[in-house]
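>>> what's the 3D shape of this:
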Amino acid sequence: MRDEKTLKQVIVMNDISDGLVISSAMGTYVNSYCAPRERFYECMLSKNINVQHNFTLLCLEWFRTLAITDDIDERNMASHEFANKAADEYRHESLDKRIVSSRGINRYFEFDFRDDEQAAELLERYLRTSNDNEEFMHGMLRVHKTCQQLFSRLCLEWLKRVSELPTRRKHYVVLARKVMKHYTRFPMI
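Predicted coordinates:
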């Protein structure tokens, strides 16, 4: 019988503010056989409100990016079609990140890509230390189309949960509610 340590799969990252590295790691995470599970969303919802805001904007930026790419095929078609509808809902919105303290954040990270809590921790560290998401978007467009579809599914499920939050005053909640008008489940690949 295998113990938990032998099942651990780790990606070593020297700079968690590097969007290309993080997008590659997230592609591996969403492509693993067990991720993301409910625990990922619970962990993200327990993060600082500004981290939640910035993660929501990362998801919205992803859909904007996906909407304008012409590099699509049957593996990411459903998320591309959704992105076209959803991005239209917030095309005039400014997606400004909120400043979140990065003091004390170690940029070195050993990421067990089969662990939902670590995935949420990785994203939080990235969102705290990166200046913008441009490199992340470029990197996500380079991952396998199936991983793009799976990351889109992760973002869509996140937006669904955010849209159900009780407050109406938070800008990121309002944006998530706009996008949810087009909510659909993507077909399994």
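>>> Strands of the chain, residue ranges please.
With DSSP state E as the definition, the chain shows strands at residue ranges 10-13, 109-112.
>>> for Ile11, what are its contacts?
25, 28, 110-111, 113 (Cβ atoms under 8 Å, 6 or more residues apart in numbering). For every residue, glycine as well, the C-beta is placed using N, CA and C.
>>> nope, Leu58 is what I was after
Taking Cβ under 8 Å, 6+ apart as the definition of contact, the neighbours of Leu58 are 123, 127, 133, 136, 155.
>>> 10 Å instead?
The contact partners of Leu58, taken as Cβ atoms under 10 Å, 6 or more residues apart in numbering, are 19, 22, 26, 95, 97, 123, 126-127, 130, 133, 136-137, 140, 155, 158.
>>> ok, the contacts of Ile11 vs Thr146, which is closest?
For the contacts of Ile11, the closest approach to Thr146 (Cβ to Cβ) belongs to Thr28, at 11.9 Å.
>>> Quick check: closest non-adjacent residue to the closest one.
If you skip the residues right next to it in sequence, Thr28 has Phe113 as its closest partner in space, 4.8 Å away by Cβ to Cβ, 6 or more residues apart in numbering.
>>> Hmm, Phe40 and the one you found touching each other?
No. With contacts defined as Cβ atoms under 10 Å, Phe113 does not count as touching Phe40, sitting 11.7 Å away.
>>> Now for these two: what residues contact both?
29-30, 119.
>>> In TSV, list those along with neighbour count, distance to Tyr172 and pLDDT.
TSV is the format used below for these (neighbours: other Cβ atoms under 10 Å; distance: Cβ to Cβ, whole Å; pLDDT from 0 to 100):
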residue	neighbour count	distance to Tyr172	pLDDT
Tyr29	28	22	94
Val30	23	21	93
Ala119	27	20	95
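>>> In helices only, show me those residues.
Secondary structure assignment by DSSP state H places 29-30, 119 of these in helices.
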